Structure formats: structure tokens, C-alpha cells
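Asker: pasting the sequence and the predicted coordinates here, then a few questions.
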Amino acid sequence: MLAASYILNSNLPCSSRLHSSSEFSSSIPFSPPITARFHSSRSGSRSFQIRSAATKPAKTPAEEDWKIKRELLLEKRVRSVDVKEALRLQKENNFVILDVRPEAEFKEGHPPGAINVQIYRLIKEWTAWDIARRAAFAFFGIFAGTEENPEFLQIVESKLDKDAKIIVACSSGGTMRPSQNLPEGQQSRSLIAAYLLVLNGYKNVFHLEGGLYSWFKEGLPAVAEDE
């Protein structure tokens, strides 16, 4: 049997090649950096292994922030429920659905008995900073820019005590469950609201998986409010 020894050529800028000392050669395109190691067995034979040293891209500040929020949600055992389970809990266990969508969306349609406290609101002030933010939103074609609602917790506390059983809902729902493409899940308005609630002492906080989009799609009870 022909034994071939391989030599790593690391002088190529965009790819790596492995050349055999035998009469054949092979080229292997390889973009990530690689590391090579020799290993010796008890019999004295040596093997040559190549491992990729590619690193994951750094997380953005928003991704790091969501990671922290998700860890607290999991630590506080915030549970996600689907829309049918949410309806059952509302009917049989006195859970309250806290709809954190904008007021206009709430009025268009919401589960009966739901309470609306928007976690984001339209930019209200007209300071130089707020005007600049409006202009930035308008640049991207968004003429109803929003900001975090600074009164969110205060309003919730006026409506629900810390022992209330709450299911937080928004349009899309988001998820805490990891997937191949989203190892940290996907944040949403309802998950951010759930984070603020448990951070401020609320003890029975659930999250609506699939959001109110799924609620309406399933044809579950909904009401609208006249302007």
C-alpha cells in the first residue's frame, strides 16, 4: 500500500491546498482558517488531522440584549402556550390576556376580555431629538414611528396585581424555543413585555406562542371596538 504524507500549504490567501508527496495531488477549496495536528497511536503510527477553526460571527448588541432577556424568562419559568391552551386557561383558570399591541390594532380585533397596554407607542414629543427620530423613520417609509412606552409598567400595575395570572400577547408572538437558524429563539413585543413583568415581580406570566395572528387564523373568539 502506498503511504502518502500530506503537507499543509497555508500561503494561499483565499483557499487551502493539500499536496501529496506521491505523484498525485489534490486541491481542496476551503475558505475558513484551519488547524492541523499530528496524533500518535500506541503502535507508534502517526495520523494527521485537519480541523476547521472557523468562528461564529459576533452577536449584535440587540442579539446580546435578547439573549439576556431570554435567560431570565427561562430562569423565571415563563411558559409559552398555544392559542387554544390560552383560550382554555382564560375560561377555566381566570387567566387575563394582556394585549401589548398598539391601541389601534387592539381596537380592530382582540380576544374577549383582553386588556390592552401597549409596550410601544407612537412618538409623542416634538423635541429636536424626537423630530430627528421621526425623520429617520420617514426615510425608510415609516410615517408612524414608535418608541418604548415609559408608562407601560405603571399602567399594568394599575390594572393587574403581582399575583394575577397573565398571558402576554402581541401580533407575531415570537418564541423562546431554539432552532437551527435561531439558536436563541426569536424575540417579540410580547416576550419583551413578559421580561419586564417578571423583572418587576409578576409571578404568573405566560406567553402566547404564535401571537394573535394565530388566534385569529384559528377562528377563536374575537371582538372589535368602535372608534
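Answerer: Here it is on my side, so go on.

Asker: all helices for this structure, in order.
Answerer: Taking DSSP state H as the test, the helices found in the chain are 61-75, 83-92, 103-108, 128-139, 152-159, 189-199, 211-217.

Asker: which one of those helices has the poorest average confidence?
Answerer: Mean pLDDT values for those show the minimum at helix 128-139, a mean of 50.

Asker: grab the nearest non-local neighbour of Ala164.
Answerer: Counting by C-beta to C-beta, 6 or more residues apart in numbering, Val96 is the residue found nearest to Ala164 once chain neighbours are left out, at 6.0 Å. C-beta here means a position set from N, CA and C on the backbone, and glycine is covered the same way.

Asker: over to Ser188?
Answerer: Gly174 (2.7 Å).

Asker: give the contact list for the one you found.
Answerer: 185-191, 207, 211 (C-beta atoms under 8 Å, 6 or more residues apart in numbering).

Asker: got those residues as a markdown table, with neighbour count and distance to Glu63 columns?
Answerer: Below are those laid out as a markdown table (neighbours: other C-beta atoms under 10 Å; distance: C-beta to C-beta, whole Å):
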| residue | neighbour count | distance to Glu63 |
| --- | --- | --- |
| Gly185 | 19 | 11 |
| Gln186 | 17 | 11 |
| Gln187 | 21 | 9 |
| Ser188 | 24 | 14 |
| Arg189 | 21 | 17 |
| Ser190 | 28 | 18 |
| Leu191 | 26 | 14 |
| His207 | 26 | 19 |
| Gly211 | 22 | 21 |
